[in-house]
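A.B. asks: I need the structure of the sequence given here:
(one chain, ligands or ions: 2)
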Amino acid sequence: MLTDYHVHLRPDSGDSTAERYFTQENAERYRETAAERGIDELGVAEHIHRFVQSLDIWSHPWYRHWAHDDVDEYVEFLRSNGLKVGVEADFLPGREDRVANFLDEREWDYVVGSVHFLRDDAIDVHGEPDWEPWDIWRGADPEKVWARYFETLGEAARSGMFDILAHPDLVKVFAGKVPRPDGDLRRFYERAMDGIAEGDIAVEVSTAGLRKPVGEIYPAPAFLEMCLETGCPVALSSDAHVPEELGYEYERAVEMLQELGVSEIAVFGARERRLERLG
Ligand SMILES: [Zn+2]
Ligand SMILES: [Zn+2]
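C.D. replies: Residues are numbered from 1 along each chain as shown. Ligands and ions are numbered 1, 2, ... in the order given. The predicted structure is shown next:
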């Protein structure tokens, strides 16, 4: 079994309208590419901030900029095109009830939970001039950012709102392009582990990091090792934004999982999880 659940049907760029990408032809391209690459389970998890209904959750400029699509049309589109129905939702402390309302009103196969923001600042907008005022790296102490990031990740896991914990050490995305803490990073990972242990969530292994400045799989093997000690299952995805990225460098992810003794991966439907043999 190979899965790709954390998938976007379009690039994260300004002209990527739903009209252009939520088409039968595009869905077919994704399904065909997944089949060619031996991916048995394919689903889509669009960013929550792409939906107008997300403005009931947050009015951050990032949300106001991107919120154009109707979430119920999106769910219907995926169902009628044979794709598992997911969404990538932000964990926003203090807004859990609003996110829960958004999620409860629709029938998902799974919900991917991400930490992209710490309060109003974004982890992953460095180098985008329009978003500089919200770039967490514009002068923050890396020790503090990493500590807050992993604490928040643990809270996201513990919240029980999500089925999959996305790109768990996203904070490393820019590697040496932003300040980074020294030494053994497990002192940060530890901050997330109680939440992960208590949260009954699958931890995502994502090959997206291989396409980013950091050039590594999310999460680092040391992080995954600590998660596995808590007994949590693993979900496998590419975070593809074009069909060519489906199953991206999965050989490396499978090799890492096998080295850590992982032989099963999480499979989802109607927010139920089961384990299937990896590979
Ligand atoms: Zn993400
Ligand atoms: Zn994503």
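
A.B. asks: hang on, residue 63 in a strand?
C.D. replies: No: using DSSP: H, G, I helix; E, B strand; the rest coil, the assignment for residue 63 is helix, not a strand.

A.B. asks: if we ignore the residues flanking it in sequence, what's nearest it?
C.D. replies: Distance criterion CB to CB, 6 or more residues apart in numbering; nearest residue to residue 63, sequence neighbours excluded, is residue 49 at 4.7 Å. Glycine gets a C-beta too; all of them are placed from N, C-alpha and C.

A.B. asks: and the helix ranked longest in the chain, what's buried?
C.D. replies: For the chain, the longest helix by residue count, based on DSSP state H, is helix 142-158. For helix 142-158, the buried set under the neighbour-count rule, 16 or more other CB atoms under 10 Å, comprises 145-158.

A.B. asks: also stretch 65-78?
C.D. replies: 66-67, 69, 71, 74-75, 77-78.

A.B. asks: show me which of those residues neighbour ligand 2.
C.D. replies: Counting by CB under 5 Å from the ion, nothing from the buried residues of stretch 65-78 sits close to ligand 2.

A.B. asks: turn those into CSV, including secondary structure.
C.D. replies: As requested, these are arranged in CSV below (three-state DSSP):
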residue, secondary structure
66, helix
67, coil
69, strand
71, helix
74, helix
75, helix
77, helix
78, helix
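
A.B. asks: can you list the residues you listed in TSV and add pLDDT?
C.D. replies: As requested, these are arranged in TSV below (pLDDT from 0 to 100):
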residue	pLDDT
66	97
67	97
69	98
71	98
74	98
75	98
77	98
78	98
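
A.B. asks: ok, now which ones touch the residue nearest to the spatial centre of the chain?
C.D. replies: In the chain, the C-alpha nearest the mean C-alpha coordinate belongs to residue 166, at 3.2 Å (CA atoms, centre = their mean). The neighbours of residue 166, taking CB atoms under 8 Å, 6 or more residues apart in numbering as the test, are 6, 88, 112-114, 204, 206, 239.

A.B. asks: highest neighbour count among those?
C.D. replies: residue 112 (30 neighbours; other CB atoms under 10 Å).
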